[in-house]
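S.K.: below: sequence and its predicted model.
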Amino acid sequence: MNKFLSFLCCLLVYNVAYSQQMGSKNDNLNEPLASHKSGKIVSLTDSNEILENRPPEFAIIPEPVSLLKTEGQFTLPENVVIMAQNSAELKPVLDYLQGKISIPTGHFVSIVGNSSATATIRLVLNPKENHVIGDEGYQLSVTPHLIIIKANKAAGLFYGVQTLLQLFPKEIESKEMMTDIAWKMPCVEITDYPRLGWRGLMFDVARHFFTKQEVKQYIDAMVRYKYNMLHLHLTDDEGWRLEIKGLPKLTEIGAWNVKKVGDFGTFSPPGPDEPRTYGGFYTQDDMKEIIAYAKDRFVNIMPEIDVPGHSLAVIASYPELSCTPGAETYRVRSGEKIMDWSKGAPPIALVDNTLCPANEKVYVFLDSVISQVAALFPFEYIHMGGDEAPINYWQKSDSVKALMAREGLKDMHQVQGYFEKRAQKIVESKGKKFMGWDEIMNSDMPASAAIMSWRGMSYGIAASRQKHEVVMSPQTNVYLDYMQSDVITEPKVYATLRLGKVYEFDPVPAAADAKYIKGAQGNLWTEQIYNIRQAEYMTWPRGYAIAEAVWSPREKKSWSNFIGKVEVQFGRMDIAETKYSPSIYDPIFKVSRSADKQLMIDLSTEIDGLDIYYSFDNSSPDRFYPKYTEKLTAPKDATQLKVITYRGKKVMGRMITMPMDELNKRAGRR
Ligand code: ACM
């Protein structure tokens, strides 16, 4: 038996053992679904596939809890009958599945109630709850003539449908009819349920506004990977994005700035003549439509109103909410520098972008905003921000000094703590739970305040031990605004975060009190993201990795298996017309200096099996150019290094042109 074969046998045994282990908790799960008793398990894949670098036969993301391949293939008939009980609960799942199958295949897809008709696909709500799969799990059985998905709740059926779609050929993702496709899939038995209940992405629609249609498009992509939470960052220095009745200036003034492009944070300050026409906002009716769209796809929308910092759009609209005299001259930020971060956190504000914690009008304002937000969003939490609030203007403010004396507040942490506690009371008075970024832990918040840990995981770990509910979203692993590849190819932002580092993310670290970790999310900040195509590019494939972190059992995660699946998902996203980053194929540049100060250039790739070809003569390399095998030294007068990656004869990476000056700068002084 060769090495690969023995590895595959182990895999198969492992899978069977895994499902048996689960079955010991609930016999139901160990049992094949009704029509499947004779389903023989065959191998997961064969060794030749791996030897020839063919894509994996099953490329489901997130990896299911258990998948057993059985004998035979399912072929979609011309007349597809989806059978399910007729209920309002199942309607969104049925409508979704009907659309997803009928549009690309052109087959006639009908929905019938439980009847004697012959079904092609049966969706079954378990009459008796299956405790192992919970509210979002499912069992999927594919046999040659019948597909059955069983779940306790409609959400589970929806996730079963997502898995089913990933078993079809990639053309199932087409928005138009595809001809000459064999709509087949291998027979399988899958049992699956999520590791964590909060599986989120945050979309910053404040730095740049994204239309209602674009938000729906973002939701469409995320549900394929079983995300159930979209956190909308609705307010920031660059824009207020939600209609609030009775506070019209928030959207008349606060939603608009001057369009600038280039390197965000360094833009020239807008002049008085530059039109403030860039931006937008959601009416409450728009937001209801987004919420309903998300709900039909089992996604909750969590609103974030980011206060007391990040509030320049509010101050520009209602300057009386600032502690600082002269705030009447403030304008919504258009990407010009407003903070000095050179001394670390908290930043030194160059304009006061905070709400005044010592001004009662601020709490009246928040009450009005939160009443409407609470009425609009059904989700149980409201996120109130709390991050990166500068204190230098508060330190100068007489009203803040008076507040400190009156309330016995010793420092600015306690001043922010006073604000947060009042904000929490307002949120709770509307029947909602309060969540904030981890800076709110700087003061003694009640355990009922939930924490979103972003400055790494340590704040989340500490909060969980203090019995705060925690959502992990550490910048170290899941900040989707960070670059995925070398800064030479990407719009420049604060840091680089490659796919491999995201895949390492474990949202429940050993030091945390696991029962308080609700889940995790990736955060897509949009300072440097100007359009929805770039928002997608930044989200995928890193969003696949986060989906596995929050859904798949920790023991089932494997980088090499994952990467094979990523490439298959790229093909599906091509058909779905969703943009993704191909940066896994790009070379990684590392530089050093030899003992005699020569520049040494080390090239590598994030994934195995790629060859790197290069040139120093300014022409564009292909696979007939020198292949990279060891560290390079550059010819004396070379001005640039050009590189490209191939897999065999196929171009995989982008042509990257790296100036020698840049490499010399990175390597430090000669
Ligand atoms: C954050 O990234 N400032 C929460």
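M.R.: In hand now; what should we look at? Residues are numbered from 1 along each chain as shown.
S.K.: checking the residue nearest to residue 337 when sequence neighbours are not counted next. Helix, strand or coil?
M.R.: Counting by C-beta to C-beta, 6 or more residues apart in numbering, the nearest residue to residue 337 once its immediate chain neighbours are dropped is residue 265, at 6.1 Å. No exception for glycine: its C-beta is placed from N, CA and C like everyone else's. At residue 265 the chain is in coil, as set by DSSP: H, G, I helix; E, B strand; the rest coil.
S.K.: kindly report the same for residue 148.
M.R.: Applying three-state DSSP: residue 148 is strand.
S.K.: how deep is whichever residue of the stretch 351-500 of the chain sits closest to the ligand tucked in, by neighbour count?
M.R.: The ligand sits closest to residue 387 of the stretch 351-500 of the chain, with a gap of 3.9 Å, by C-beta to the nearest ligand atom. When counting by other C-beta atoms under 10 Å, one arrives at 17 neighbours for residue 387.
S.K.: which helix or which strand is home to it?
M.R.: Following DSSP states H and E, one finds residue 387 outside all helices and strands.
S.K.: for the closest residue to it other than its chain neighbours, which residues are in contact?
M.R.: Spatial nearest neighbour of residue 387, excluding adjacent residues (C-beta to C-beta, 6+ apart): residue 437 at 3.8 Å. Contacts of residue 437 were listed using C-beta atoms under 8 Å, 6 or more residues apart in numbering, and they are 385, 386, 387, 451, 452, 454.
S.K.: ok but the fifth one is inside a strand, no?
M.R.: I take that to be residue 452. Yes - under three-state DSSP, residue 452 sits within a strand.
S.K.: chain neighbours aside, what residue packs nearest to it?
M.R.: residue 471 (4.8 Å).
S.K.: which elements pack onto the helix or strand containing the one you found?
M.R.: Applying DSSP H and E as the criterion places residue 471 in strand 470-472. With contacts taken as 3 or more C-beta pairs under 8 Å, 6 or more residues apart in numbering; DSSP states H and E, strand 470-472 sits against strand 450-453, helix 458-465, strand 517-524.
S.K.: can I get the last one in CSV? Just the C-alpha atoms.
M.R.: C-alpha atoms of strand 517-524 as CSV (Å, rounded to 0.1, in the frame of the first residue of the first chain):
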residue,chain,number,x,y,z
ILE,A,517,-17.8,32.6,23.9
LYS,A,518,-20.9,33.1,21.7
GLY,A,519,-18.9,32.9,18.5
ALA,A,520,-16.8,35.0,16.2
GLN,A,521,-16.8,37.2,13.2
GLY,A,522,-14.6,38.7,10.5
ASN,A,523,-14.6,42.5,10.3
LEU,A,524,-14.6,44.3,7.0
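S.K.: what helix or strand is the residue lying farthest from the centre of the chain located in?
M.R.: Going by C-alpha atoms, centre = their mean, the residue of the chain most distant from its centre is residue 596, 45.7 Å out. Per DSSP H and E: residue 596 is located in neither a helix nor a strand.
S.K.: need the pLDDT of it.
M.R.: Reported pLDDT at residue 596 in the predicted model: 93.
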